[in-house]
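Q: I would like the atomic coordinates for the input below:
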Amino acid sequence: MTSSSKQRLDRTDIGILNQLQQNARITNSELARAVNLSPTPCFNRVRALEKTGIFKQHVTLLNPEVLGLRINVFIQVSLEKQVEDALTRFERAIGERPEVMECYLMTGDADYLLRVVVPDVMALERFILDRLTKIPGVSNIRSSFALKQVRYKTALPLPASGLTLPDLDDSPSDWT
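A: Down below sits the predicted model:
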């Protein structure tokens, strides 16, 4: 990585990140070999990348089918009013539900889009009737079953030629 006011990731950094996105358990020796570095410089680059905040977390991805979680449902939820208290209440309630894998505040017809994983239709029914409809302010719920997962990935697309990291001070939340 080069040093300047904005940090630049070079091709080697991108290679390291791509390798780690594919296998977070790769050894430093294997990683170094994959990106054509010796182990010590590779280790130092990984530590420097960690300091930038690029790594959100290290996880193990489990196979939902093997665990009996065969139903993948996308649920659109509309609230009566999009006011701060209602949004906070909804987000807090959804944050407590383990079957909710993803939740997004949306533009368009629905206020939220959820991805829910459950073992069967009865579990989905219980989630909707016993949990989702009980959240104050929920006015409309629409569900769509995923018939087949055509693509699923966790690796972010990175430009092979390198990347300049934005300053944290330049984040959109600071532009107000």
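Q: chain center to the longest helix along the chain: distance?
A: Scanning the chain for the helix with the most residues, using DSSP state H, yields helix 39-52. Relative to its chain's centre, helix 39-52 lies at 23 Å (CA atoms, centre = their mean, to the nearest Å).
Q: mind giving me the packing neighbours of that helix?
A: Counting contacts by 3 or more CB pairs under 8 Å, 6 or more residues apart in numbering; DSSP states H and E, helix 39-52 is packed against helix 11-22, helix 28-34. No exception for glycine: its C-beta is placed from N, CA and C like everyone else's.
Q: any chance of those in JSON lines, plus mean pLDDT and mean neighbour count?
A: Below are the helices and strands packed on helix 39-52 laid out as JSON lines (pLDDT from 0 to 100; neighbours: other CB atoms under 10 Å):
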{"stretch": "helix 11-22", "mean pLDDT": "97", "mean neighbour count": "18"}
{"stretch": "helix 28-34", "mean pLDDT": "98", "mean neighbour count": "16"}
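Q: which among these is found nearest to Asp85?
A: Evaluated over the helices and strands packed on helix 39-52, closeness to Asp85 peaks at helix 11-22, with 38.0 Å, by CB to CB.
Q: how does the protein divide into domains?
A: What automatic domain parsing lists as the domains of the chain is 1-58, 71-145.
Q: can you put those domains in CSV and add distance to Ala155?
A: Formatted as CSV, the domains of the chain follow (distance: least, CB to CB, whole Å):
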stretch, distance to Ala155
domain 1-58, 4
domain 71-145, 16
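Q: these two touch, right, Ala24 and His58?
A: Yes. Ala24 lies in contact with His58 (CB atoms under 8 Å); the separation is 4.9 Å.
Q: so Leu37 is in which element?
A: For Leu37, there is no host helix or strand (DSSP states H and E).
Q: show me the contacts for the nearest residue to it once chain neighbours are set aside.
A: Of all residues not flanking Leu37 in the chain, Thr12 sits nearest, at 6.7 Å (CB to CB, 6 or more residues apart in numbering). The contact partners of Thr12, taken as CB atoms under 8 Å, 6 or more residues apart in numbering, are Val35, Asn36, Leu37, Arg45.
Q: okay, the nearest residue to Ala32 once chain neighbours are set aside: pLDDT?
A: What sits nearest to Ala32 in space, not counting adjacent residues and going by CB to CB, 6+ apart, is Cys42, at 3.7 Å. We have a pLDDT of 98 for Cys42.
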